[in-house]
Structures are given as structure tokens and as C-alpha cells.
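Trainee: only geometry, no sequence info:
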């Protein structure tokens with residue numbers, strides 16, 4: 001089954017996005033623990049796009065699609081027209097450096113990497129796409 005959601009690039013919309021994802025995951029029988037982890041991962045990607053790619057410009061938007069596949073794999077795609085993220089240039093931060101420097105932030109994508117089974121960034125049909133895949137049969 002495929003579900004779609006579109007939100008303006010305002011941080012006020014993050015709660016609605018989290019609720020949309022949580023509702024879908026619960027409808028498909030995920031436990032509270034698994035649902036919360038996946039909601040965190042999707043929320044982190046959406047927040048990064050809204051804040052860093054769109055500068056919280058509510059006139060712009062992101063599109064989220066969620067596909068539940070028969071093999072218990074779920075694919076989340078977040079599409080936008082903002083500044084593209086280059087995963088090849090991403091270097092995972094050291095937790096000890098973050099703690100030592102008391103840096104606020106910087107661990108979001110690291111969390112996403114640990115929660116999801118696969119992360120892809122690419123461009124398609126004029127969109128930047130972040131595809132997150134989670135295999136729930138492993139749970």
C-alpha cells in the first residue's frame with residue numbers, strides 16, 4: 001500500500017508529519033518501540049530538509065510517500081526541490097568530539113543510519129529524493 005503526504009517547509013508541520021508516520025506504522029501493526037524509532041528517523045530527515053534546504057520557507061514544501069510492501073519492507077521517500085544533500089561528502093561525527101566540544105546537533109543522520117536499513121539520496125524528475133528503507137521482518 002502507498003500513502004502520500006505533503007507539508008509546507010515550516011517546523012510547525014513536523015508534528016503533523018510525525019503523527020502521519022506514527023498512525024501508518026500503528027495501522028500496519030508495528031510495536032510502539034519500532035514505531036518511535038522510525039518516526040524519529042523520518043522526522044530527522046524532514047527537519048533537516050525544512051531547516052537546512054529550505055530555510056523554513058513555508059511557501060516551499062516537501063512530499064512524503066510511504067510504501068508498505070508484501071515482504072514486510074517499508075520504503076519512505078521524502079522529496080523536495082531544495083538544496084541537494086551529498087551523502088558522499090557526509091562524514092559521521094565522533095560522539096566523543098561532540099561531547100568534548102559541547103556541540104549542539106550533528107548526530108541526526110547518524111541516528112537515521114542506525115535506525116534504518118538503507119539510506120539513499122538521489123535526484124529524479126527534478127526532485128531531490130531521500131529514500132529510507134526498513135525491513136520489519138528482521139524485528
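Mentor: Arrived safely, thanks for sending. Keep in mind it's a predicted model, so treat the numbers as computed, not measured.

Trainee: Now the element after the least confident helix or strand in the chain by mean pLDDT, going C-ward?
Mentor: Taking mean pLDDT, DSSP states H and E as the measure, the chain has helix 95-101 as its least confident helix or strand, at a mean of 56. Following helix 95-101 in sequence order, the next helix or strand is helix 108-115 (DSSP states H and E).

Trainee: residues of the helix or strand just after that following helix that come out buried?
Mentor: Downstream of helix 108-115, the first helix or strand assigned by DSSP H and E is strand 118-124. By neighbour count on 16 or more other CB atoms under 10 Å, the buried set for strand 118-124 is 119, 121. Any C-beta I mention is one placed from the backbone N, CA and C, and that applies to glycine too.

Trainee: Show me what strand 118-124 is packed up against.
Mentor: If you count contacts as 3 or more CB pairs under 8 Å, 6 or more residues apart in numbering; DSSP states H and E, strand 118-124 packs onto strand 127-135.

Trainee: Listing partners with orientation, what would you give for the strand it packs on?
Mentor: Strand 127-135 pairs in its sheet with strand 73-80 (antiparallel), strand 118-124 (antiparallel), by DSSP bridges.

Trainee: buried set for it?
Mentor: Per 16+ other CB under 10 Å, strand 127-135 contains these buried residues: 127, 128, 129, 130, 131, 132, 133, 134.
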